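# Next one to model:
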Amino acid sequence: MDKENVTEKDREMAQVCLNCYFGKIARQEQQGLVYSCVKNFSGKFCPFGQAYEKVYGRKAYEPIPAQ
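Numbers count the residues shown, from 1 in each chain. This is a model prediction of the structure:
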């Protein structure tokens, strides 16, 4: 995703997704009902999941890479 088009509002909304209980479970577990729901609905319907994808360049359900 083009990092130049990321606004401060996008970053704030992505932070909400990062702290979301369901998003955390999906990123950690990578299986189960919560993972399936986040995978199928987050990018399409959740504005926070869409902002997360725009800011971080990965889907809301994908695990956070180790540093």
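# For Ile25, the count of nearby residues, please.
17 (other CB atoms under 10 Å). To be clear about C-beta, it is placed using only N, CA and C from the backbone, and glycine gets the same treatment.
# Show the contacting residues for the residue nearest to it when sequence neighbours are not counted.
For Ile25, ignoring the flanking residues on the chain, the nearest one in space by CB to CB, 6 or more residues apart in numbering is Val34 at 4.6 Å. Shown in contact with Val34 (CB atoms under 8 Å, 6 or more residues apart in numbering): 22, 25-26.
# Near Gln30, how many other residues are there?
Neighbours of Gln30 (other CB under 10 Å): 12.
# now do Arg58
Neighbours of Arg58 under the rule other CB under 10 Å: 14.
# Can you classify it by secondary structure?
coil (DSSP: H, G, I helix; E, B strand; the rest coil).
# The one 3 residues further on too?
Local secondary structure at Tyr61 is given as coil here, using three-state DSSP.
# repeat for the one 5 residues further on
Here Ala66 is recorded as coil under three-state DSSP.
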